[in-house]
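J.: What follows is a predicted protein model with its sequence.
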Amino acid sequence: MSNIELKGLSEMPSSGLPPVHNWAPPFCGDMDMVIKSNGEWFHDGGKIKRPAMVTMFSRILWFENDEHFLVTPVEKVRIQVEDAPFLVANWQWIHTKHGRAIEFTTQTDDVLVLGIDCDLWMGTFKNEERPYISMRYGMKALVGRNVFYGMAESLERVETSKGRGMGIISAGKSYLLMQDE
C-alpha cells in the first residue's frame, strides 16, 4: 500500500483547481483510501473527519480507464470509489444569461450550474436508481437524497431525445428523470 506524498502541492493555488490534467507522474501503487457510496472518505480503515482534508484530496482526484487516482506533480496512486467520488449536498435556483438554472454545491465545495457546467441523469448503483451529475475529468457526483427530494418539487413535463416524462429544465436544457410508460 502506498501513501501519497504531498510533494509539489505547496505550489498549488490556494483557491480553484490545480492543473491535474497537465500532470503526468508515474504510477506509484495503490493507497488504502476508499470513497464510500454515501460520500464519506476513509483512509487506512478510518473515516477522514476533517472536511478540509477531504476537499484537498478531492482537488487532486483524477479519473482514467474507469479507475480513480490521487495525482500530484510527482506521483499517482490508485484509490477505490464505491459509486461516485462526489456528493451534491446543496442546491438553489439562480438566474443566468441562459435563464433560470439550478446551482449545485458538492460536499467538497465544487459549484456547478446544471445545463452549463454539468448534466443530470439517472443511473443505477446496486439495483437502486440514483441521480448523478457530471463532474470534471469524466467523474460524477451523486445528488444527495435531500437535494433530489427538494428538486422534485420543481419537476415539470419535459421531452428529450430519451423520451417524455417528468424532469427539470435548467439553463434552457431539459433533463428527463421519470419517463412516461
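T.: Sure thing, it's come through. Numbering: from 1, shown residues only.
J.: In which helix or strand does the nearest residue to Gly167 once chain neighbours are set aside reside?
T.: In space, and not counting its chain neighbours, Gly167 is closest to Val158: 3.8 Å by C-beta to C-beta, 6 or more residues apart in numbering. C-beta coordinates here come from the backbone N, C-alpha and C atoms, glycine included. Here Val158, judged by DSSP states H and E, is contained in strand 156-160.
J.: now Phe63
T.: strand 61-64.
J.: Where does the prediction get shaky in the chain?
T.: Along the chain, segments meeting pLDDT under 70 span 1-15.
J.: So which bits of the strand holding Phe63 are buried?
T.: Leu61, Trp62, Phe63 (16 or more other C-beta atoms under 10 Å).
J.: Equivalent analysis for stretch 83-94, please.
T.: Asp83, Ala84, Pro85, Phe86, Leu87, Val88, Ala89, Trp91.
J.: Now do the contacts for the closest residue to the fourth one other than its chain neighbours.
T.: With C-beta to C-beta, 6+ apart as the criterion, Phe86 has its nearest non-adjacent residue at 3.5 Å, and that residue is Ala141. Going by C-beta atoms under 8 Å, 6 or more residues apart in numbering, Ala141 touches Ala84, Pro85, Phe86, Leu87, Val88, Phe104, Thr106, Asp110, Cys118, Tyr132, Ile133, Met135.
J.: Check whether the second one really touches Ile60, as I assumed.
T.: Think Pro85. No: in this structure Pro85 lies outside contact range of Ile60 using C-beta atoms under 8 Å: 11.6 Å.
J.: hang on, the earlier thing: residues in contact with the strand holding Val158?
T.: Arg164, Gly165, Met166, Gly167, Ile168, Ile169, Ser174, Tyr175, Leu176.
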